[in-house]
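>>> sequence plus predicted model, see below.
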Amino acid sequence: MFTMNQTVLSGLFFAPSLRHVAPDFFGWTSWVNSVKNFFAVTDQAIEAHSVKLDLNNPQDFIDNYLMEIRATQDPSSTFYKENGEKNLKAIVGDLFFAGAETSSTTLSFAILYLCQNQEKQRKAQKELDLVVGSSHQISLSDKLSLPYIEAIVMETLRLSSIVPLGIPHQLIADTEFHGYLLPKGITLMPNLYTIHHDKKIWGEDANLFRPERFLDEDETRVVHNDALIPFSAGRRQCLGEGLARDTIFLFIASILQNFDIGPDPKSPVLDMETIPGILVEPKPFNFSQKRFTGTIRFASNQTTNMK
């Protein structure tokens, strides 16, 4: 599967005509094959949902969309028969391409930061023990009661800044901004990475992992900062922000509810350097995980490779 970095850096993102010049060299052939393989999987998933669909108990987005398709009788509707099926396939593709790689990369950074900062991990687990324990699986209904976990999500989004540059915008009129005259027609790209690491905004520890910066003095309530814009800003900011934040929250909370994680004993020094690109990634690393059940943390480690 082609990654976001491969797609953009190949040149096709900015100059699609390159696919006619040397399709193999610029990755067009690989991209087409990846898309075909992906939509084959998508078709299988939609077909499986269609066969098992319970109109009285829809389980997820695909189920609800299929129900709308079956209920629609208006030929002009985007849900009508074949058009509805094509749109469903496209939407599932959009959700995957826009969110899968970015969310998994953010989770990799979260695991890396928590392995490096054991005291932060213990603090989060203490909150989980007090609020949830092992009584039930973490759900979004627990979110307001877990401010430290939410702060970990926000700090991971800030420090990692996996999308360092925002979407380009073009000025529709001459604009004066902080004493600078910006002429109509120029293209602006917000530098999200610089904003998220600006010591004037975040303090001298801007390059350190400190979730507490997003909590009030009592550490009982999340404090939002307008300078945190990992999903960009304005009318063209990422539409999937809410879904991404909730997904990352659930993953981090569930991991810490069930596991102790730390550096691999065979390679205890973690490399905190990143791989630059359109999408910033952590360097591959190993970490250990100890299964936690009730009040017992098993001594045996399982090592996982993140790459």
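That came through, no problem. Numbers count the residues shown, from 1 in each chain.

>>> C-alpha only now, for contacts and for neighbours.
OK.

>>> which stretches of this protein form strands?
169-170, 175-177, 180-182, 187-188, 259-263, 274-275, 281-282, 285-293, 296-297, 302-306 (DSSP state E).

>>> mind checking those strands for the one nearest to Leu215?
Smallest distance to Leu215 across the strands of the chain (Cα to Cα): 23.5 Å, for strand 259-263.

>>> partners of that closest one, with directions?
strand 285-293 (antiparallel) (DSSP bridges).

>>> mean confidence (pLDDT) on the strand it pairs with, please.
Averaged across strand 285-293, pLDDT comes to 84.

>>> which of the residues in that strand are buried?
Neighbour-count burial for strand 285-293, counted by 16 or more other Cα atoms under 10 Å, picks out 285-292.

>>> select the longest helix from the protein.
Longest among the helix segments of the chain by residue count, using DSSP state H, is helix 81-116.

>>> could you tell me the angle between that helix and strand 259-263?
Note on geometry: by axes from the mean of the first three to the mean of the last three Cα atoms, to 10 degrees, helix 81-116 and strand 259-263 are set 60 degrees apart in direction.

>>> I'd like the numbering to begin with 22 instead of 1 from here.
All right, first residue 22 from here; so that's helix 102-137.

>>> how about helix 102-137: buried residues?
102, 105-106, 109-110, 113-114, 119-120, 123-124, 126-137.

>>> that one packs against which elements?
In terms of contacts (3 or more Cα pairs under 8 Å, 6 or more residues apart in numbering; DSSP states H and E), helix 102-137 is packed against helix 49-73, helix 82-92, helix 139-152, helix 168-181, helix 262-279, strand 280-284, strand 302-303.

>>> who does the second one touch, helix- and strand-wise?
Read that as helix 82-92. Counting by 3+ Cα pairs under 8 Å, 6+ apart, helix 82-92 packs on helix 49-73, helix 102-137.

>>> dump the buried residues of strand 306-314 to JSON lines, plus distance to Leu300.
Shown next, in JSON lines, are these (distance: Cα to Cα, whole Å):
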{"residue": "Phe306", "distance to Leu300": "18"}
{"residue": "Asn307", "distance to Leu300": "21"}
{"residue": "Phe308", "distance to Leu300": "22"}
{"residue": "Ser309", "distance to Leu300": "26"}
{"residue": "Gln310", "distance to Leu300": "27"}
{"residue": "Lys311", "distance to Leu300": "30"}
{"residue": "Arg312", "distance to Leu300": "31"}
{"residue": "Phe313", "distance to Leu300": "33"}
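
>>> other residues contacting stretch 186-194?
For stretch 186-194, contacts defined as Cα atoms under 8 Å, 6 or more residues apart in numbering pick out 204-214, 252-253, 257-258, 299.

>>> can you rerun that using 6 Å?
Stretch 186-194 has contacts (Cα atoms under 6 Å, 6 or more residues apart in numbering) with 205-213, 253.

>>> that one: which residues count as buried?
Neighbour-count burial for stretch 186-194, counted by 16+ other Cα under 10 Å, picks out 186-188.

>>> please tabulate the residues you listed in a markdown table, including the columns distance to Asp239 and pLDDT.
As requested, those are exported to a markdown table (distance: Cα to Cα, whole Å; pLDDT from 0 to 100):
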| residue | distance to Asp239 | pLDDT |
| --- | --- | --- |
| Leu186 | 34 | 90 |
| Gly187 | 34 | 86 |
| Ile188 | 37 | 81 |
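
>>> circling back to that earlier point, which of the strands of the chain comes out lowest on mean pLDDT?
Lowest mean pLDDT of the strands of the chain: strand 317-318, a mean of 43.

>>> residue contacts, Phe313?
If you count contacts by Cα under 6 Å, 6+ apart, Phe313 has them with 279-280.

>>> how close does it sit to Asn279?
5 Å (Cα to Cα, to the nearest Å).

>>> what is the neighbour count of the closest residue to Ser160 other than its chain neighbours?
Spatially, and ignoring its direct neighbours in sequence, Ser160 is nearest to Leu271 (6.7 Å; Cα to Cα, 6 or more residues apart in numbering). Leu271 is flanked by 20 other residues according to other Cα atoms under 10 Å.

>>> how about the one 10 residues further on?
Here the neighbour count serves as a burial measure; for Asp281 (other Cα under 10 Å) it reads 21.

>>> for it, which non-adjacent residue is spatially closest?
In this structure, Asp281 finds its nearest non-sequential neighbour in Lys311, 5.1 Å apart by Cα to Cα, 6+ apart.

>>> thinking that neighbour is in contact with Gly283, fair?
No. Using Cα atoms under 6 Å, Lys311 is not in contact with Gly283, being 8.8 Å away.

>>> re the thing from before, figure out which of the helices and strands packed on helix 102-137 is closest to Ser160.
Comparing the helices and strands packed on helix 102-137 by their distance to Ser160 (Cα to Cα), the top pick is helix 262-279, with 6.7 Å.
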